[in-house]
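Asks: What follows is a predicted structure for the sequence shown.
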There are 2 protein chains.
Amino acid sequence: MWLARIRVMLKKGVLDPQGKAVLGALQTQGYKRVQEVRVGKYLEVRLHSMGRIEAEAEVEEMCRRLLSNPVIEEFSFELDELPESAER
Amino acid sequence: MWLARIRVMLKKGVLDPQGKAVLGALQTQGYKRVQEVRVGKYLEVRLHSMGRIEAEAEVEEMCRRLLSNPVIEEFSFELDELPESAER
């Protein structure tokens, strides 16, 4: 069993209105030292066992094709093997 | 300058319809080995320089008070010091 922890963020330079809104809210609440906020998605994907290279390729392809918009977003992920007891 | 990388996830046991929808989409697209998907938020927060302990306490408080809903969500974060050249 593999666990992929995937982060999807807007590319640098792409306007992030949600991040700006969170920044404004934090500063209004007194967190004056916050300088910038960027908001993205975080996904945890569990996959049935296969080889690491195969699993990496599959996660990479899922991210590229379905989980991110490559025009405005970029992604990164870590892949960890879970003990078989986590297999359900 | 500090960079906090924050993940906010629904607590285990809380229904995640967005994750279910992504799981369905992935399986429909042929990714049959995907077993579970959970969707959360990812935030990158940049803060002006202060001590590490102070920065950690501030990020923790922001997460608890504003960035997550403690009834249904849990958060975790890493805090990295950025070189001063990243200060703007």
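Replies: Received the coordinates, thanks.

Asks: CA atoms for contacts and neighbours, from now on please.
Replies: OK.

Asks: wait, what's in contact with the closest residue to residue A:84 other than its chain neighbours?
Replies: In space, and not counting its chain neighbours, residue A:84 is closest to residue A:1: 6.3 Å by CA to CA, 6 or more residues apart in numbering or on different chains. Listed by CA atoms under 8 Å, 6 or more residues apart in numbering or on different chains, the contact set of residue A:1 reads A:46-50, A:81-84, A:86-87.

Asks: rerun at 7 Å
Replies: Neighbour list for residue A:1: A:46-49, A:81-84, A:87 [criterion: CA atoms under 7 Å, 6 or more residues apart in numbering or on different chains].

Asks: ditto for residue A:83
Replies: Contacts of residue A:83 (CA under 7 Å, 6+ apart): residue A:1.

Asks: measure it to chain B for me?
Replies: Note on residue A:83: its distance to chain B, by CA to the nearest CA, to the nearest Å, is 15 Å.

Asks: As a check, name the ranges of all helices in chain A.
Replies: According to DSSP state H, chain A carries its helices in the segments A:17-28, A:52-62.

Asks: for the longest one, which positions count as buried?
Replies: Okay, so that is helix A:17-28. By neighbour count with 16 or more other CA atoms under 10 Å in any protein chain shown, helix A:17-28 contains the buried residues A:19, A:22-24, A:26.

Asks: ok so, going back, show the buried residues in the contacts of residue A:1.
Replies: Buried subset of the contacts of residue A:1 (neighbour count, 16+ other CA under 10 Å): A:46-49.

Asks: Just the ones of the residues you listed in strands?
Replies: A:46-47 (DSSP state E).

Asks: Reformat the buried ones among the contacts of residue A:1 as CSV; add pLDDT.
Replies: Converted to CSV, the buried ones among the contacts of residue A:1 look like this (pLDDT from 0 to 100):
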residue, pLDDT
A:46, 97
A:47, 95
A:48, 92
A:49, 79
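
Asks: what sits up against stretch A:38-46?
Replies: Residues outside stretch A:38-46 that contact it (CA under 7 Å, 6+ apart): A:1-10, A:16, A:18-19, B:7, B:34-45.

Asks: Then stretch A:10-24?
Replies: So stretch A:10-24 is contacted by A:36-40, A:72-74 (CA under 7 Å, 6+ apart).
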